[in-house]
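>>> Sequence unavailable; structure follows:
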């Protein structure tokens, strides 16, 4: 793959891929890092040899796997800190802040965020999502149903009472 071909793919996918990573992670700096690592892995792997229609799903799969790796590392680091730090810092009071959909999205599990984003924002089909997230195709429908239910539950807890259609 030459530079011109890569630039074309990069321009066509960067915005959507960054938005996905940002919404799933909730951290713009992490989204920037994961995005960069995704394209590096893409160039270093067989992804750059795929036909053009399969490159975008491949990029989402790589980004999802990098997010999982990040969370696994963070989980191990937190466990170590809890074992080695005497007092945990208290979380700041957030009761005065205005909650919105983005805040509600943070209450979903990483898998629920990924499923919701890929299905309803990116518009992927269940079989494509199953492949990207390494789950069975039949499970995607059930997992999406649960994610939507959880999101509606969170909206209600946050006082967002208008009828919600996801």
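Alright, I've got the coordinates. This is a predicted model, so every value here is computed, not measured. Numbering: from 1, shown residues only.
>>> Not counting sequence-adjacent ones, nearest residue to the most centrally placed residue in the chain?
What sits nearest the mean C-alpha location of the chain, by C-alpha atoms, centre = their mean, is residue 24, with 3.0 Å. Excluding the flanking residues, the one nearest residue 24 by C-beta to C-beta, 6 or more residues apart in numbering is residue 113, at 4.4 Å. Where C-beta positions appear, they are placed from N, C-alpha and C, glycine not excepted.
>>> how many neighbours does that neighbour have?
21 (other C-beta atoms under 10 Å).
>>> Residue 137 too?
Using other C-beta under 10 Å, residue 137 has 13 other residues around it.
>>> so it makes contact with residue 128?
No - taking C-beta atoms under 8 Å as the definition, residue 137 is not a contact partner of residue 128, at 9.2 Å.
>>> Would you map the helices across the chain?
Secondary structure of the chain (DSSP state H): helices at 3-25, 28-44, 52-84, 101-106, 110-116, 126-133, 137-157.
>>> Packing partners of the last one?
The reference is to helix 137-157. With contacts defined as 3 or more C-beta pairs under 8 Å, 6 or more residues apart in numbering; DSSP states H and E, helix 137-157 has these neighbours: helix 101-106, helix 110-116, helix 126-133.
>>> in the shortest one, what counts as buried?
Going by neighbour count (16 or more other C-beta atoms under 10 Å), the buried part of helix 101-106 is 103-105.
>>> Could you check how far residue 124 is from residue 115?
10 Å (C-beta to C-beta, to the nearest Å).
>>> which of these two has more neighbours?
More crowded of residue 124 and residue 115, by other C-beta under 10 Å: residue 115, with 28 against 20.
>>> pLDDT score assigned to that one?
pLDDT, residue 115: 89.
>>> what sits against residue 71?
Applying C-beta atoms under 8 Å, 6 or more residues apart in numbering, we find residue 71 in contact with residue 110.
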